[in-house]
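Q: sequence and predicted structure are below.
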Amino acid sequence: MAHLLAVLALAFIASLSPSPLKAQAPDAARLAAAREMMEVAGVAKQFDELMPLLAQQLSQSFVAVAPEKADEIRQVFAQLPAKFIDRKGELIDQVAGLYAQELSVEELAAVSAFYKSPAGARLLAVQPQIARQSMALGQRWGAQIGREIEQEARKELKKRGIEL
């Protein structure tokens, strides 16, 4: 899931900048190997797990703006993942294209073989838990760093005669 979150974040950031010239499309064998690798790696399952989390986060944002409508907002967002879950193929195809541009068929097959191995299967089994815990750690760390930055900024601004 961490991988998919990173991909989504990078996709958002990339959408903000001017698009570079597109590289030549990879051949069909590389695309097929990339899709296989992503399937074995459980990317579709990660997307299935991500959609409800994304809807929940968006729901919380909407509730923050209109708390008096919280129940209705949550009902609407509870229905939305089912409407969009089938669109995961769009993202999988696009990301497969990225892997296919960078990795050979042989490299993609080796990665797939790893995920099929006992160590790869174990990694796939624990990865969602680690990703959830990592996100929680990252949120706590970010909140702490944010507080420290705020304190330091206030201290420095106070030295300059600015009270906030």
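A: Nice, I can see it.
Q: show me what the helix or strand hosting residue 92 is packed against.
A: For residue 92, the element it lies in under DSSP states H and E is helix 88-102. Contacts defined by 3 or more Cβ pairs under 8 Å, 6 or more residues apart in numbering; DSSP states H and E place helix 88-102 against helix 2-16, helix 28-40, helix 43-65. Glycine gets a C-beta too; all of them are placed from N, C-alpha and C.
Q: ranked by average pLDDT, which of these falls at the bottom?
A: Among the helices and strands packed on helix 88-102, helix 2-16 carries the lowest mean pLDDT, at a mean of 47.
Q: now do the same contact list for residue 69.
A: Listed by Cβ atoms under 8 Å, 6 or more residues apart in numbering, the contact partners of residue 69 are residue 63.
Q: just name the most buried of the helices and strands packed on helix 88-102.
A: helix 28-40 (a mean of 19; mean count of other Cβ atoms under 10 Å).
Q: which strands and helices sit next to that one?
A: helix 88-102, helix 105-116.
Q: phi and psi next, for residue 132.
A: Torsion angles at residue 132 (phi, psi; degrees, to the nearest 10) stand at phi -60, psi -50.
Q: residues near it, how many?
A: Residue 132 has 14 neighbours, counted by other Cβ atoms under 10 Å.
Q: returning to that earlier point: relative to residue 86, which of the helices and strands packed on helix 88-102 is closest?
A: Nearest of those to residue 86, taken as Cβ to Cβ: helix 43-65 at 10.2 Å.
Q: counting by contacts, list what that closest one packs against.
A: helix 2-16, helix 70-84, helix 88-102.
Q: residue 91 contacts residue 47, correct?
A: Yes. With contact defined as Cβ atoms under 8 Å, residue 91 reaches residue 47; the gap is 6.9 Å.
Q: how's the protein carved up into domains?
A: 26-116, 121-164 (automatic domain parsing).
Q: which one of those domains is the most hemmed in?
A: Highest mean neighbour count among the domains of the chain (mean count of other Cβ under 10 Å): domain 26-116, a mean of 16.
Q: ok, back up a step: lowest-confidence stretch among the helices and strands packed on helix 28-40?
A: Out of these, helix 88-102 stands lowest, with a mean of 92 (criterion: mean pLDDT).
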